[in-house]
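A.B. asks: my questions concern the predicted model and sequence given below.
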Amino acid sequence: MPQTQSTAAWMDRPEVLAVAFHPRREPPSQAAGFERLEIPVAPGTVIGGRFYAAGTNLPTILFFHGNGEIVADYHELAPAYRTLKLNFMPVDYRGYGLSTGTPSISSMLADSRAVYAFARRWLQERGYRGRFIVMGRSIGSASELELASAHGPDIDGLIIDSGFAHLGPLLARLGAPVPAQAEVDDPAAGQIAKMRAYRGPTLIIHGTRDSIIPISDAVDLYSACPGPAKELLKIEGAGHNDILAAGFRLYFAAIGNLARGATP
């Protein structure tokens, strides 16, 4: 979906970006066990990522993280995906980790398409033939649903972790000035419309005590999902940032089921 002038007028205002993104750099590390990715998304701009391999015939998860995280934060979690026999491909945003550039909402959405094209080509060239799944956490659900609306038939499954359904109210809760009719005026911000465009298997995971993105957003996304194979996993007692601590086993069991093609 092309970005409009009105989209840039409010989504990319400095006072909005100040609450939407919290970029930080990746510190020097001796970490190993992955292949480093450099993904060109625009002239002079590269997105960093990692690929944790499990097997060429196994599913791959392309992962977009939250706004206060970087790819390196997921190094210790990568073995959990490998245990499930999943290839794990987390990617950063502009200005995050080892990426260049400055983050904005419009560039994040546009970059997700370049990342998708790179990932599909990169996997094919290296003989990876398993199912292709897209996952987004928190603000990463915007990149994920951008891809779901653009490439739905070619995506074998979606996993939404603590994702939002309504961008305007989320930014307002974080303290950004947002026009009352923002999402009506700017279809690019419409998570619900993008969710309605995807009919494939969908897993939505959300904490029942999330005060940043309320579980009602998860319910709205679940209701908008038109596909017959969908699941809403509520992690009881979990907030926005402790969902793994509260429900690690449930979280990864549900991911494993979707990745294997099990019907919820």
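C.D. replies: Arrived safely.
A.B. asks: just how off-centre is whichever helix or strand Y116 is part of within its chain?
C.D. replies: Counting by DSSP states H and E, the element that carries Y116 is helix 105-125. Distance of helix 105-125 from its chain centroid, counting by C-alpha atoms, centre = their mean, to the nearest Å, is 12 Å.
A.B. asks: name the helices or strands packed onto it?
C.D. replies: helix 5-11, helix 14-20, strand 35-42, strand 45-51, strand 60-64, strand 132-137, helix 140-151 (3 or more C-beta pairs under 8 Å, 6 or more residues apart in numbering; DSSP states H and E). Where you see a C-beta, it was placed from the backbone N, CA and C, and this is true even at glycine.
A.B. asks: how about the ones you listed in a markdown table, adding mean neighbour count and distance to L84?
C.D. replies: Formatted as a markdown table, the helices and strands packed on helix 105-125 follow (neighbours: other C-beta atoms under 10 Å; distance: least, C-beta to C-beta, whole Å):
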| stretch | mean neighbour count | distance to L84 |
| --- | --- | --- |
| helix 5-11 | 17 | 35 |
| helix 14-20 | 15 | 31 |
| strand 35-42 | 16 | 19 |
| strand 45-51 | 22 | 16 |
| strand 60-64 | 26 | 9 |
| strand 132-137 | 26 | 11 |
| helix 140-151 | 24 | 19 |
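A.B. asks: make TSV from the ones you listed and add mean pLDDT and distance to A119 to it.
C.D. replies: As requested, the helices and strands packed on helix 105-125 are exported to TSV (pLDDT from 0 to 100; distance: least, C-beta to C-beta, whole Å):
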stretch	mean pLDDT	distance to A119
helix 5-11	61	25
helix 14-20	93	24
strand 35-42	97	8
strand 45-51	98	8
strand 60-64	98	5
strand 132-137	98	8
helix 140-151	97	10
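A.B. asks: between those, which one is closest to I205.
C.D. replies: strand 132-137 (9.1 Å; C-beta to C-beta).
A.B. asks: what does that closest one contact?
C.D. replies: 59-66, 69, 116, 119-120, 123, 142-145, 147-148, 154-163, 255, 258-259 (C-beta atoms under 8 Å, 6 or more residues apart in numbering).
A.B. asks: which parts of the stretch 151-264 of the chain are helices?
C.D. replies: 167-173, 182-185, 191-196, 215-224, 243-259 (DSSP state H, counting those that start in this stretch).
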